[in-house]
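**Q** need a structure here:
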Amino acid sequence: MTEPDFLGDLEKCELCEHRCGVNRLSGETGVCRVTMPTVASATLHPAPPESYTVFMAGCNYKCLNCQNWTISQYPDNGFRQRGYENPKELAEECLDSLNSLSAKLMGADRIFFSGGEPTIHLPYIEEVVGEARKINPGTKVNFDTNGYLTDESLKRVLVLTTSITYDLKAYNDEVHLALTGASSKPVLRNAEYIGRYAKEKLWEIRILVIPGINEDEIKPLTEFVAHIDPFLPVCFLVFRPNFVLENHPGASRSLMDKCVETARHSGLKNAYWSGNTDIPGIIGDRKSEIKGKYVSEHARLAGSYALYAGCQTHPRSCSACISNQTCRIKKYIPEIVA
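**A** Got it, this is the predicted structure:
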């Protein structure tokens, strides 16, 4: 089978900042372990912005807290996805759904690409959007990203999108690495670029608040965003136990209120929080087993959870890990499956 020309970027994939350079079309895999673009599922979704959401399988992160781990850790955890789909047919499905009565009652008005991480499927998404806009030139598109894009990919995303939802997980590079396996530096760089040059496309910045791991990141993150533009919207999301952090306690109401207060003290004018608080749990403690591997106590706690789940490289860094093609995190199945 001849691969479509629009997937040429995958012959030497450098769509994200891992810059693996592998030929995904020939079956080579980088950190994300994904070859062909793969649709996990697609559905009308009420979360703002209301949309027809296309979840793309696979991710360039290995977040310990991932709520969509059955999708993001494809292809290694054995969960079935829809697979590769013809872009024109997927575009027609999206527009048909957005024209439905259910979509109109919900207020859904755009295609929303999420995951996993849609960046690793960027040329495919561009093709789907192009097909949709042949049918309806006014088609709106949201791109939901962890921010670990190259400069080149970010500019392509800004061309195709109407709105962007953007995750910030930590400011401190060591904490970000321990939590996700990737550096925070490209994420902060891209957030600043969007905030300065494309802020009209920013639906909101989202910061998941994980007690004991990134709560001390809130002040530097909010100061960082406020320095870009104090009017940028920031939504703090309540952590709920998930994936490797399945037994870790959820964020409390008081912690979420404190995050908003911290944001306001940092100068932000549009900060708020969302989610269900006070889910009980127990903070695990295996930090002594990786003593000396992390400077930050919070990074050490995250690293200890990763160690428990089978991560062999500490401090964590998926690009540098010699085991990234046999990653145990990607194969981890929590005992509690929501």
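**Q** once you drop chain neighbours, what's closest to the residue nearest the centre of the chain?
**A** Against the mean C-alpha coordinate of the chain, by Cα atoms, centre = their mean, the closest residue is residue 146 at 3.6 Å. On the basis of Cβ to Cβ, 6 or more residues apart in numbering, the spatially nearest residue to residue 146 that is not a chain neighbour turns out to be residue 167, at 4.9 Å. Yep, even glycine has a C-beta here, placed from its N, CA and C like the rest.
**Q** same question for residue 93.
**A** The spatially closest residue to residue 93, leaving aside those adjacent along the chain, is residue 42, at 6.8 Å (Cβ to Cβ, 6+ apart).
**Q** same check, this time on residue 246
**A** residue 334 (4.2 Å).
**Q** tell me the mean pLDDT for the helix or strand encompassing the residue nearest to residue 93?
**A** Taking DSSP states H and E as the definition, residue 42 sits inside strand 39-45. Along strand 39-45, the predicted local confidence has a mean pLDDT of 98.
**Q** so, low pLDDT: which residues of the stretch 201-338 of the chain?
**A** 285-287, 337-338 (pLDDT under 70).
**Q** tell me where it has strands.
**A** 202-209, 234-238, 271-274 (DSSP state E, counting those that start in this stretch).
**Q** redo the ones you listed as JSON lines? Include distance to residue 58.
**A** JSON lines is the format used below for the strands of the stretch 201-338 of the chain (distance: least, Cβ to Cβ, whole Å):
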{"stretch": "strand 202-209", "distance to residue 58": "20"}
{"stretch": "strand 234-238", "distance to residue 58": "22"}
{"stretch": "strand 271-274", "distance to residue 58": "26"}
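**Q** any chance of JSON lines for those strands, columns mean neighbour count and distance to residue 152?
**A** Putting the strands of the stretch 201-338 of the chain into JSON lines (neighbours: other Cβ atoms under 10 Å; distance: least, Cβ to Cβ, whole Å) gives the following:
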{"stretch": "strand 202-209", "mean neighbour count": "21", "distance to residue 152": "20"}
{"stretch": "strand 234-238", "mean neighbour count": "22", "distance to residue 152": "27"}
{"stretch": "strand 271-274", "mean neighbour count": "18", "distance to residue 152": "31"}
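**Q** among those, which is nearest residue 121?
**A** strand 202-209 (19.9 Å; Cβ to Cβ).
**Q** quick one: contacts of stretch 126-144?
**A** Residues lying outside stretch 126-144 but in contact with it, judged by Cβ atoms under 8 Å, 6 or more residues apart in numbering, are 4, 6, 49, 51, 54, 87-88, 90-92, 94-95, 109-115, 118, 125, 156-157, 160-165, 203.
**Q** now, which of these lie within helices?
**A** Where the contacts of stretch 126-144 overlap with helices, as defined by DSSP state H, the overlap consists of 87-88, 90-92, 94-95, 125, 156-157, 160.
**Q** tell me how far residue 21 lies from residue 29.
**A** As for residue 21, its distance to residue 29 is 12 Å (criterion: Cβ to Cβ, to the nearest Å).
**Q** the two: which is more packed in?
**A** Set residue 21 next to residue 29 and count neighbours by other Cβ atoms under 10 Å: residue 29 wins out with 17 against 11.
**Q** do I have it right that the more buried one meets residue 35?
**A** Yes. The pair residue 29 / residue 35 is scored as a contact, 6.3 Å apart, by Cβ atoms under 8 Å.
**Q** quick one on the thing from earlier: just the buried ones from the contacts of stretch 126-144, in ChimeraX syntax?
**A** Only the buried members of those end up in this ChimeraX selection, burial being decided by 16 or more other Cβ atoms under 10 Å:
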select :49,51,54,87,90,91,94,95,109,110,111,112,113,114,115,118,125,156,157,160,161,162,163,164,165,203
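**Q** neighbours of residue 135, how many?
**A** Burial measure for residue 135: 13 neighbouring residues, criterion other Cβ under 10 Å.
**Q** if you could redo that for residue 66, that was the one I meant.
**A** A count of nearby residues for residue 66, using other Cβ under 10 Å, gives 21.
**Q** for the stretch 1-150 of the chain, give me the ranges with low pLDDT.
**A** Regions of the stretch 1-150 of the chain meeting the criterion pLDDT under 70 cover residues 1-2.
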